[in-house]
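Undergrad: Sequence plus predicted model, see below.
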Amino acid sequence: MSKQYKTEIYNAWGAFLIVLVFFVIGFATIFWSALTFDNDLIVAVGITLLFLSPILFVKKVKQWNTKKAILEFNDEGFSIIIRSLRKDSLLKERQYKWREIGQYKIYFTPSKLTYLDIYLRNGSCKEFGFRDNKDFEESNKEESIFSIFNTFVKAYNSDKESENKIVLTGGFLVSKKGLILLVLIGILILIDSILLIKRLTSYPFLLIGVSIFISLLIKRHIDNKVLKTMSANSNV
């Protein structure tokens, strides 16, 4: 059995580092200018423009960190061939044997990125972010990274003993430690709400906390749903 699948791979860390460097340089320039010209207005205008600027270049940053990806699956393992987006030149190729993989995790982001994490038996971990443009429901019903990878894992596991099987893992948020973290964040939000009523804190901190808490709850719900469906379908 063999299968080839074409998609795009996205380097989220590369994009994050570019944006981080941009903001560090931007803040340094703004405060240097404010101190040099002794004008507080420079800080207000500069920071406003700095936070609006990603609208202009974020699409370009995503393009810089997006490459073509060809995934080839067979009974022995799978490979990821990465090529440049425009010139289609070969950049790198990574190969993994099924027997080298101990655990794996697949999860989805609101922007329809599919993340595949594989945990090798030698202790190392590899993370890949694919721009498959499918959410969990679509990936489960259609041909996707999600459906193809699970099919081959299920086939590999079919004749293996328990200690040699590739095990599905749910990630941090669906674990007990993840639940404890969410509870602690909820408690902190409650405390911040009480302090806000007594005017001992400001509402921006509360809004930031609530938004983070809600996003984590949503991600935990999706991760749980993915884990249950994958476990039921693949029997791993």
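TA: On my side now, so go ahead.
Undergrad: quick one: the closest residue to residue 156 other than its chain neighbours from residue 3, how far?
TA: The shortest distance from residue 156 to any non-neighbouring residue, by C-beta to C-beta, 6 or more residues apart in numbering, is to residue 98 (4.5 Å). In this view, the C-beta of every residue, glycine as well, is placed from N, C-alpha and C. Distance, residue 98 to residue 3, using C-beta to C-beta, to the nearest Å: 14 Å.
Undergrad: shared neighbours of these two, anything?
TA: By C-beta atoms under 8 Å, 6 or more residues apart in numbering, residue 98 and residue 3 have these common neighbours: residue 152.
Undergrad: and those two? which has more neighbours close in?
TA: residue 98 (20 against 14; other C-beta atoms under 10 Å).
Undergrad: Can you name the helix or strand that residue 180 falls in?
TA: Using DSSP states H and E, residue 180 sits in helix 176-197.
Undergrad: Any idea how far that helix is from the middle of the chain?
TA: Taking C-alpha atoms, centre = their mean, to the nearest Å, the mean C-alpha location of helix 176-197 is offset from the chain mean by 24 Å.
Undergrad: Could I get the full set of strands for the protein?
TA: 2-10, 66-74, 77-83, 90-97, 101-108, 114-120, 125-130, 167-168 (DSSP state E).
Undergrad: Tell me which residues are up against the first one.
TA: Which is strand 2-10. Under C-beta under 8 Å, 6+ apart, the answer for strand 2-10 is 62, 65-75, 80, 82, 85, 113, 128-132, 143, 145, 148, 152.
Undergrad: next one: the third one
TA: Under the criterion C-beta under 8 Å, 6+ apart, residues 9, 67-72, 89-100, 128, 149, 152 lie in contact with strand 77-83.
Undergrad: burial of residue 94, as a residue count?
TA: Residue 94 has 11 neighbours, counted by other C-beta under 10 Å.
Undergrad: any idea how far residue 68 is from the closest residue to it other than its chain neighbours?
TA: Excluding its sequence neighbours, the residue lying closest to residue 94 (C-beta to C-beta, 6+ apart) is residue 80, at 4.8 Å. Computed with C-beta to C-beta, the distance linking residue 80 and residue 68 is 11 Å.
Undergrad: and what of residue 90?
TA: From residue 90 to residue 68 the distance is 10 Å (C-beta to C-beta).
Undergrad: Between these two, which is the more surrounded one?
TA: When residue 90 and residue 68 are compared for neighbours, residue 68 comes out ahead with 18 against 11, by other C-beta under 10 Å.
Undergrad: one step back: redo the strands of the chain as CSV? Include distance to residue 42 and mean pLDDT.
TA: Formatted as CSV, the strands of the chain follow (distance: least, C-beta to C-beta, whole Å; pLDDT from 0 to 100):
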stretch, distance to residue 42, mean pLDDT
strand 2-10, 36, 93
strand 66-74, 35, 95
strand 77-83, 43, 95
strand 90-97, 42, 93
strand 101-108, 42, 88
strand 114-120, 40, 91
strand 125-130, 38, 92
strand 167-168, 53, 85
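Undergrad: Could you work out the end-to-end span of stretch 75-87 for me?
TA: End-to-end distance for stretch 75-87: 31 Å, by C-alpha to C-alpha, to the nearest Å.
Undergrad: Kind regards, and thank you for your time.
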